[in-house]
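Novice: Here is a sequence together with a model predicted from it:
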Amino acid sequence: MDKNQELHASIRLINEKLHFEGSVTGNAPISIDYTPPLGDNLGYTSLELLLLSLSSCMGSAVLTFLRRMNKTIHGFEIHARGIRREAHPTGFKTIFIELVLRSPDTTDSDVEKVLKLAEDTYCPVWAMIKGNTVVIAAQRVEA
């Protein structure tokens, strides 16, 4: 299967509540659940997975472009925080993303440039939530 064109995912109910096992062809399964009383908190919630998806999508784009710019990367982290809507559907109204980059030769403007590329063109998860959720990204570059 070409992951660039088509993805196949499946979930399977594990218990009498909302605990699922989910997998994508070729990858290890993950545990997905909901908070009590509907679930037992035995896995990631769907919104937690969305935060992880957005973070890894952004991180992949940022690192790819910084490496193409021949930047030295000693460490990279993304911390994401989602603020939910009060009314249903209670998805995220705002997501705050903090990128922490350890690099002796990367400037804030370098990161801003590649973040803009990720937002505008190269991060499909960001593109899918744009217009429905405000994403506020900040960065910290450490030598």
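Specialist: Nice, I can see it. These figures come from a predicted structure and were not determined experimentally. Numbers count the residues shown, from 1 in each chain.

Novice: what helix or strand is the closest residue in space to L47 that isn't next to it in sequence on?
Specialist: With sequence-adjacent residues excluded and distances taken as Cβ to Cβ, 6 or more residues apart in numbering, L47 is closest to G82, at 6.3 Å. C-beta: built from backbone N, CA, C; applies to glycine. With the criterion set as DSSP states H and E, the secondary-structure element containing G82 is strand 75-84.

Novice: Other residues contacting the longest helix anywhere in the chain?
Specialist: Looking only at the chain and at elements set by DSSP state H, the helix with the highest residue count is helix 46-68. Helix 46-68 is contacted from outside by 32, 44, 73, 76, 78, 80-82, 84, 91-92, 95, 97, 99, 101, 103, 106, 110-111, 113-115, 117-118, 122-126, 129, 135, 137, using Cβ atoms under 8 Å, 6 or more residues apart in numbering.

Novice: Would you mind checking the residues you listed for buried ones?
Specialist: 32, 78, 80, 82, 92, 95, 97, 99, 101, 103, 106, 110-111, 114-115, 118, 122-123, 125-126, 129, 135, 137 (16 or more other Cβ atoms under 10 Å).
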